[in-house]
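In: Predicted model follows, preceded by the sequence.
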Amino acid sequence: MDQLALLFLLLLGALVSVPVGERLGLPAPVLMTVLGIVLALADFVPNVDIPPDLILPLLLPPLLYAAVRRTSWRQFAANKRPIFLLAVALVFVTMVCVAATAHAIVPGLPIAAAFALGALVAPPDPVAATAVAGQLGLPRRLVSILEGEGLFNDVTAIVLYHVAIAAAVGGTFSPWRAGLDLVLSAVVAVAVGLALGWGASKLLDLLGDATLQIGLTLLVPYMSYVLAEELHGSGVLAVLTTAMFLAEYAADADDVMTRLAGHTVWDVVDTLVTGVAFGLIGLELHNAVHTASGRWGELLGWAAAIVAVVVLVRLLWLLPATWLTKRLHARRDHDEDIPMSWRETVVMWWSGMRGVASVALALAIPLETDDGSPFPHREEIIFIAFGVIMGTLLVQGFTLPWLVGRLGVRADTEREKAFEKELALRAARAAKRRLKEIEAVEELPEELSEQMLRRAFDIGARISPDIGDEERREAHEQRVRRLKRIRRIQGELLSAARHEVLAARSEPGADPEIVDRVLRHLDVRSLR
C-alpha cells in the first residue's frame, strides 16, 4: 500500500465512521483514531510521510473555518470571560504544571524543552471538542464554551510553543520578548484576518455565481493562515477573524442557492478533513512504537504522569473558575454562557481531549539546536505527547457519552423550542409587515390579499406549528395536508420528467450539456 492509497482509505473511513459512530453512540473522530491505530499496526501499511510543517497549514484552516460557521460573534463577545479563563489562562497554567512535572521526572530534560512539551499538550483540540460535543445533545451553553475554548486556545499554545522552542534551540529566553511576540502575533493576525475578510466579501459580490463563491470560501482559510504566518502572526487567529468577519458582513439573506450549496460543501469538507486528521493521529503510533523500543516501562510511566497532570489541572482549574464566573455573572448579569451545575462542570472537565494541533507541534520539534547538537530528548517528548493524546482522546472520547448519560446533562429542549417559536413569530410578522407595504403601493384583489396573508402566517407555522390560536392551527394543518398531497403528486410528475430527460442523454445525437441544463432546471424546480 502506498501513501495515496492510504489517504483514500482514510477518506473512506471518514465517511463510514459517521453512521457507525451514530449506531454505536461514539464520536466519529475517536473511531477514526482507532482505525489509524489498527492501520499503524498492520505490516503492509507504510509510515506516514508528511512534513510536520505542513500538517497544521493543511488541516487546521478548513476545520477552524467550518467550526466558526456554526457560531457567531455574539457568542464570542458574550463569553469572553469563560473563553479567556479556559483558552488563555488554563493553557498557560497547564503548560507550567506539565513543564515542572516533566523536568522533575525525566532525567536531564532541560527546562526549555519541558516548556515546549507543556505548550504542545496544553490546548484541548478544537476539532475533537466540537465534533464530540455536537453529537451528544449537550446544552448549547456548554457547546458554545467548548467551541470558544477550542478555537482560541491554539492561538495561545502555538505562540508559547514557538517561544519555548526558540529558547531550547538558541539557549536564551526573555519574558519581555515572549510577551511582545504574543501581542504582535495577535495584532498581525487580526489585521490580516480583517483585511482578507473585507477583500473576500467584496470579491464574493463580484463573482456572483454560487459555484465561484463557494470555491473562494474554500481558498480563503488557507490564504488567511499562510499570509499571517508569513508576516509572523498567528495563522489560527487570522482564520478565526476572517471567518467571523465573513459570517457577520458577507451574508446575503436572499442568496438561497449559495447558502444551501455552501452548507453542503462545507459539511463534506469538515467530515473528510476531520476524519483524515484523526486517522493520522492513530497512524503516528508507528513513531511511538519505534521510540519506545526496549523502554516501554519507563516511557509509559512518564506519559501516564503527564496525562494525570493534564487531566487534574483542568479539573482543579475549572472548579474555582466556574464558581468565580457564576458570582460575576450573578452580580453583573452578563449575557454569557456558563455551566449551571456541577454536572455540567464535570462534563466540561472530561471534554478536554488533545488532538491534531498537539500531534503537529510534536512532530515539528527541530532535530538540532543552533550549536548543531541534537534537540534534547526529542524522541521522549514526542512519545509523551503521543501518550497524552491517546490517553485523553481514546479514554475520554469513549467514556464521554456514558458520562453524559449518567449525569443526565442534556440540552434544554423547552428553551430551544421557545426560541424557535419566537423566531417563527418574528418571521411571520416580518412577512405581514412586508405584505402591508406592498398593499400600500399596489392594489391587490381581496381574494389574493387574504391568500397572501395566510401564506405569511404559514411561513411561521411551518417553522413552529405551535404559533397562533387553535382555529388557525387547525386551518393551517388542513392546508398542510392539502399541500403535502399536491407536492407528492407534483413530485411524481417531476420525477417522471427527470427520468425522461436523463434517458435522452444516451440517445444518438443528444447533446449532454443541453440535457444537463434541462435536468438542472428540473432539479431547481424540485428543490423549490
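Out: Yes, it's here. Bear in mind that the values here come from a model prediction, so they are computed numbers and not experimental data. Residues are numbered from 1 along each chain as shown.
In: what residues are up against residue 389?
Out: Residues counted as contacts of residue 389 (CB atoms under 8 Å, 6 or more residues apart in numbering) are 121, 281, 354-355, 358-359. Where you see a C-beta, it was placed from the backbone N, CA and C, and this is true even at glycine.
In: who wins for most neighbours among those?
Out: In terms of neighbours by other CB atoms under 10 Å, those top out with residue 121 at 30 neighbours.
In: What sits closest to that residue if chain neighbours are left out?
Out: The shortest distance from residue 121 to any non-neighbouring residue, by CB to CB, 6 or more residues apart in numbering, is to residue 388 (4.6 Å).
In: quick one, what contacts that neighbour?
Out: Contact analysis of residue 388 by CB under 8 Å, 6+ apart lists 121, 303, 306-307, 310, 354, 358.
In: for residue 123, same thing?
Out: Taking CB under 8 Å, 6+ apart, one finds 87, 91, 153-154, 156-157, 354, 357-358 in contact with residue 123.
In: Could you rerun that using 10 Å?
Out: Contact analysis of residue 123 by CB atoms under 10 Å, 6 or more residues apart in numbering lists 86-87, 90-91, 94-95, 149-150, 152-158, 160-161, 236, 352, 354-355, 357-358, 361.
In: Equivalent analysis for residue 289, please.
Out: By CB under 10 Å, 6+ apart, residue 289 lies in contact with 40-41, 296, 383, 386.
In: mind redoing it with 8 Å?
Out: Taking CB under 8 Å, 6+ apart as the criterion, residue 289 is in contact with residue 40.
In: The helix or strand hosting it: which residues count as buried?
Out: In this assignment (DSSP states H and E), residue 289 forms part of helix 285-291. Neighbour counts over helix 285-291 (16 or more other CB atoms under 10 Å) mark 285-288, 291 as buried.
In: Give me the distance between that helix and the centre of its chain.
Out: Put simply, helix 285-291 sits 28 Å off its chain's centre (CA atoms, centre = their mean, to the nearest Å).
In: and what of stretch 418-429?
Out: 28 Å.
In: Quick one: mean pLDDT over it.
Out: In this model, stretch 418-429 has a mean pLDDT of 79.
In: Make 54 the first number, not 1, from now on.
Out: Taking 54 as the first residue, the last one we looked at is stretch 471-482.
In: Alpha carbons of it, as CSV, please.
Out: What follows is stretch 471-482, C-alpha atoms only, in CSV (Å, rounded to 0.1, in the frame of the first residue of the first chain):
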residue,chain,number,x,y,z
ALA,A,471,-39.4,28.6,22.9
PHE,A,472,-36.7,30.4,21.0
GLU,A,473,-37.7,28.7,17.8
LYS,A,474,-41.3,29.7,18.4
GLU,A,475,-40.1,33.3,19.0
LEU,A,476,-38.2,33.3,15.7
ALA,A,477,-41.2,31.8,13.8
LEU,A,478,-43.4,34.6,15.1
ARG,A,479,-40.9,37.3,14.1
ALA,A,480,-40.6,35.7,10.6
ALA,A,481,-44.4,35.7,10.2
ARG,A,482,-44.7,39.3,11.5
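In: Quick check: the residue positioned nearest the centre of the chain vs residue 60, distance?
Out: Note on the chain: the residue nearest the mean C-alpha position is residue 120, at 3.2 Å, using CA atoms, centre = their mean. The gap separating residue 120 from residue 60 is 23 Å, by CB to CB, to the nearest Å.
In: Disregarding residues adjacent in the polypeptide, which is nearest to residue 290?
Out: Using CB to CB, 6+ apart and skipping the chain neighbours, the partner closest in space to residue 290 is residue 242 (3.7 Å).
In: Go ahead and confirm the one you found touches residue 285.
Out: No - with contact defined as CB atoms under 8 Å, residue 242 and residue 285 do not form a contacting pair (9.7 Å).
In: got a list of what residue 554 touches?
Out: By CB under 8 Å, 6+ apart, residue 554 lies in contact with 568, 571-572, 575.
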